[in-house]
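J.: Generate coordinates for the sequence data below:
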Amino acid sequence: MLDDTPVGRLPMHALRRDPEIELDGEWDFQLLPFPTAPLGATWKTVHVPSLWTMRESEDRPHYTNVPMPFEEVPPHVPEHNPTGVYRRRFTLWPTGERRTILHVGAAEGLLRVSVNGQPVGVSTDSHLEAEFDITDALVPGTNTIELRVAKWSAASYLEDQDHWWQSGLSRSVFLHTVPEIRLADMSAVADYDPQTERGNLRVTVSTSGLDHLYETDWSVRIEVLGRSLTLPVSPRLATRTLPKPSLDRSARPEPLLPPDFMDLLSINAAGAPIPPEFRAIPATMGKLPDPTPPAGTAVFALDGLDVTPWSAEIPHLEDLTVSLVSPEGDVADETRVRIGFRRVQVVGRDLLVNGRRILVQGVARHDVDPRTGRVVSRDRLLAELSLLKRFNVNAIRTAHYPNDRQILDLCDEIGFYVIDEADVEGHAFASTIPDDPRYLPEILERITRMVLRDRNHPSVISWSLGNETGYGAAHDAAAGWLRRFDPTRPLHYEGAISLDWHAGHAASDILCPMYPSFASLEGYSADPRADRPLITCEYAFSQGNGTGGLADYWELFESLPGLQGGFIWQFTDHTLDPDGDGRLRYGGDFGDETHNGPMLANGVVFPDLTPKPALFEARGLFSPVRIVSDAADAWAGTLRIRNRQTFADLGAYELELRVETATGPAGAVPVPTPAALAGGEGTIDIPAPVRELLTSGTALALTLTVRTREAAVWAPAETEVAVEQVTFPRVPAPLPGARASGGLVDAELRHPLLRRSPQLSLWRALTCHDKSFSLDNRFVRSGFFQLTPVDVELKETGDGAVVTTRYEAAFGDQVVHRRTITALADGDWILDEQVTLPEDTQDGLRVGMEFELVDGFENAGWVGLGPWENYPDRRASALLGSWESTIDGLAVPYLLPQENGTRGEVTSLLLTGPAGTVRTAHETPLHMNVSRYSVSELEAADHWWELPPSRKTVVHLDIAHRGLGTAVLGPDTRPHHRLTATEYAWQWRLTLSTEGR
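T.: Take a look at the predicted model:
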């Protein structure tokens, strides 16, 4: 047992108790250097809930991924142990009829509670509420409560998550009262049988104050589905014992039992044949009686109910009221809960909800707010879930601890599948903690308390035993308890399978690997030993400009047996802005050592909940609708779509068609939503005006927009949730032939709008994934970050000027660039580019041209993929069309500056502003990047906000650009998105004019 084992804390339960005295708000506060340090004379005023690490200079946030932030080993605690002391007075006149309960929503650290100087209790587990009965410590009138939170304890080794180390009170604090005889807990198992399409409900109610009575007239009433049922509270039963032998020998006793009667007990238990002499005995004899409900409980069973099942697509809920009724008929206590009828099963290699195989389109979610740390308001929670729902995410993993009850309420209502994860992560000591008997009680308690609190939520479809704590006896013990206590949900634990995907069955019913390679997924699907559904607990690591290959993952998830999706790591960046100055910070920015730098800037959403381009990629892949017909069908007048949903038809959506052309969208018209059932297909007849546009020869794509039909808590009506396209073969306008001759003064193009002439560029500002340890500096080894011209040859020909430039890369390798320049007019050129790289080139970042314009350009328009940033391995959801943006708006401000803002498949670019107009055209589509910063400026900055304001315009046009991958944690970009060629050739036109557009 650990020295800081919780005492005085009330048992966890699933009941809802409303606050009667809110204690959020102003508290007196002192920060001490260690728990036993004497209090000072000066108190400051702080707001609760809040974290002192977000405001106190003596103890700032500290970010580590794996290592602990101190040098001790379990269960030892560092001598310097910041301790926050919170005090508040409140007024209460207690009565003898009710007990007063203190509810502390979450305390980050070891919590010690005292009231009026009297110790009340202790609690560990930073992410579950703790309740204490403080009645006996109260006095009539003014009372003083003290919450003392020590940052470090032996339990800290179980909270070594990839997040900031913080401390304080992170969730609400309040008081409520309960009667002496009251409801203690309630479990509602709302099952749905997909075969009979009927529901079954088991409601188990336990009470406090009645379980010692042999007779009771108390009862429990439940109201649900328009029914009201009442059952008596079970009394205490006398302990069964064998009768004492009779001492009466005045008469011969009559035989009551056959010889060896007691043998029947073991014979029945063994299922052995019953001897002839026992066959006449009634079947009920020799068997143990059926178990009776425990004293103080009532168990309701309702079968064959006509119900609407719950799913993430159709999150139908029913109200359940549970009342404890006194012998006089009064309601002494009451609770309400919303339940959803659904069945979760693992059958073979499939995770089924209501008998159907679902696809898990999930994200892993931490509690984080840039201004308040892990203090997250209900408004923020609703905003987060609303955003995810609008982007077609259907599942959340509560990484790596139980979330506030409010988020599960919202998941029930809005519709999300949840893997509820226990607050158990001993990453730094994962090889020892799970088998350390000192940690067994704490691990079990954290898991069981989570289950007791959250078991009535239909959104919770699986329990997770924690994260990255190795695999040991504690996990098997917890799994054994869980399987008996709640057989309605499968178990999830990555540590049990991390070293062997065919092992760990005792602790995980789901194969839940982290960052699997594509080959491993294909191999598991084809392996005859595979016997569980594979749902990645983390994949598509999204640090910085990443999430490459998401479409490749989903091609496998949707096509191979046994694969069912997973949880993108992760939802939001964890960067902090405690001062509100807009300067987001990562590891090391608070003087924290040792730290893991910007690794926590790995969300698909910025801290202010602005979606990153990666989330738009996910939105398209997770769309409820997918176009399954091709260009030929569209030209013929039909569009065939598939309903990707598992349970719902398409009636919740409105559809619109439009045609994309090089001059912009045209012909937007609403179309009827086809009656496609879940998993089925439907056909849209393309209206005649749209068909005319499609056959005009100018169409780039046919775009289908999907919008919500009705308003919901997560979105108003007509909210766009998906955009799908059919693209048509592109026939770019050919570049013109020569009409004028060279006229070059030297080897460079010169024009008043050019600050730097177009030059060869092979380097991009390295992304976090480009710098991954697993890539072993391959790009730096190329030396392409530095190209020094060593020889320039200019030759005039009849077709134009030929400029051959030989470069020396940083480590001496030779690169040759041959350019043929044909002048069409002043400031109007055709450029034929040929690039030869060293023969041993195995991988590169980009091959293209870079030029810089003078100040005075503000807007960009292009024909190609957009409107958001896209790259070769993150473009499945990008749209082909004609797009416009401010130049500033093209950038994606990843906190650690790096390559950003590129758009692919671009055949024309237009830049405008007071300075003039710049146009480019390219028969072969190019990758386009227009930025206010050069590659070197991006690489030199540690934070986006360190980049100085800039009005320059730096343009990249690449014939080849490498994919992004997820190499920081996970696979690199696929081979076909790497740059392995040594010869590149393309042609483009550059037109510059100082006149207006």
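J.: what's the offset of the helix ranked longest in the chain from the middle of its chain?
T.: The longest helix of the chain (DSSP state H) is helix 440-454. Its chain's average C-alpha position is 23 Å from that of helix 440-454, according to CA atoms, centre = their mean, to the nearest Å.
J.: Can you report how many residues neighbour L138?
T.: 18 (other CB atoms under 10 Å). Where you see a C-beta, it was placed from the backbone N, CA and C, and this is true even at glycine.
J.: List the contacts of it.
T.: Shown in contact with L138 (CB atoms under 8 Å, 6 or more residues apart in numbering): 92, 94, 100, 115-116.
J.: tell me what the longest helix of the chain is packed against?
T.: helix 405-410, strand 460-464, helix 473-485 (3 or more CB pairs under 8 Å, 6 or more residues apart in numbering; DSSP states H and E).
J.: Would you mind checking the average pLDDT for the shortest one?
T.: Regarding strand 460-464, the rounded mean pLDDT is 98.
J.: List the strands paired with it, with their directions.
T.: strand 417-421 (parallel), strand 491-492 (parallel) (DSSP bridges).
J.: Now mean neighbour count and mean pLDDT too, for these, in CSV please.
T.: Listed next are the strands paired with strand 460-464 as CSV, based on neighbours: other CB atoms under 10 Å; pLDDT from 0 to 100:
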stretch, mean neighbour count, mean pLDDT
strand 417-421, 25, 98
strand 491-492, 24, 98
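J.: Output those in JSON lines; the columns should cover distance to P949.
T.: Converted to JSON lines, the strands paired with strand 460-464 look like this (distance: least, CB to CB, whole Å):
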{"stretch": "strand 417-421", "distance to P949": "43"}
{"stretch": "strand 491-492", "distance to P949": "48"}
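J.: Please identify which of these is closest to Q898.
T.: Q898 lies closest to strand 417-421 among the strands paired with strand 460-464, at 30.6 Å (CB to CB).
J.: now that closest one: how far from the chain's centre is it?
T.: Distance, centroid of strand 417-421 to centroid of chain: 10 Å (CA atoms, centre = their mean).
J.: ok, and what's touching that strand?
T.: Against strand 417-421 from outside (CB under 8 Å, 6+ apart): 312, 353, 358, 360, 362, 394-402, 408, 411, 450, 454, 457, 459-464, 466-467, 492, 537, 567.
J.: list the contacts for S246?
T.: P253.
J.: Now it: which helix or strand?
T.: Using DSSP states H and E, S246 falls within no helix or strand.
J.: after the lowest-mean-pLDDT helix or strand in the chain, next one along is what?
T.: Sorted by mean pLDDT, DSSP states H and E, the helices and strands of the chain end with helix 263-270, the least confident at a mean of 82. Remark: after helix 263-270, the chain's next helix or strand is strand 297-305, criterion DSSP H and E.
J.: other SSEs contacting that following strand?
T.: Short answer (3+ CB pairs under 8 Å, 6+ apart): strand 297-305 packs on strand 198-208, strand 219-224, strand 227-232.
J.: can you tell which of these is closest to I627?
T.: Judging the helices and strands packed on strand 297-305 by CB to CB, what sits closest to I627 is strand 198-208, at 36.5 Å.
J.: Quick one: list the elements packing against that closest one.
T.: Using 3+ CB pairs under 8 Å, 6+ apart, strand 198-208 is in contact with strand 182-193, strand 219-224, strand 297-305, strand 318-325.
J.: Give me the residues contacting the second one.
T.: In other words, strand 219-224. 201, 203, 205, 207, 228-233, 298, 300, 302, 318-325, 339.
J.: Kindly recompute the last result at 7 Å.
T.: The contact list for strand 219-224, computed with CB atoms under 7 Å, 6 or more residues apart in numbering, reads 201, 203, 205, 228-233, 298, 300, 318, 320-325.
J.: for the strands paired with strand 460-464, which one sits closest to F811?
T.: That would be, of the strands paired with strand 460-464 and by CB to CB, strand 417-421, which comes in at 47.0 Å.
J.: residue ranges with poor pLDDT in the stretch 701-850 of the chain?
T.: 738-746 (pLDDT under 70).
J.: can you check the chain too?
T.: 1, 3, 280, 282-290, 738-746, 996-997.
J.: what pairs with the helix or strand where V955 lies, and is each one parallel or antiparallel?
T.: Element membership for V955 (DSSP H and E) is strand 953-961. Here strand 953-961 is paired, per DSSP bridges, with strand 846-853 (antiparallel), strand 916-931 (antiparallel).
J.: Let's have these in CSV, adding mean neighbour count and distance to E223.
T.: CSV is the format used below for the strands paired with strand 953-961 (neighbours: other CB atoms under 10 Å; distance: least, CB to CB, whole Å):
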stretch, mean neighbour count, distance to E223
strand 846-853, 22, 66
strand 916-931, 22, 62
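J.: Can you add distance to S246 and give those back as JSON lines?
T.: Supplementary listing: these in JSON lines, determined by distance: least, CB to CB, whole Å:
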{"stretch": "strand 846-853", "distance to S246": "99"}
{"stretch": "strand 916-931", "distance to S246": "98"}
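J.: rewinding a little: tilt between the next helix or strand after the strand holding V955 and strand 953-961?
T.: Using DSSP H and E, the helix or strand that follows strand 953-961 in sequence is strand 983-993. Computed by axes from the mean of the first three to the mean of the last three CA atoms, to 10 degrees, the angle separating strand 983-993 from strand 953-961 equals 150 degrees.
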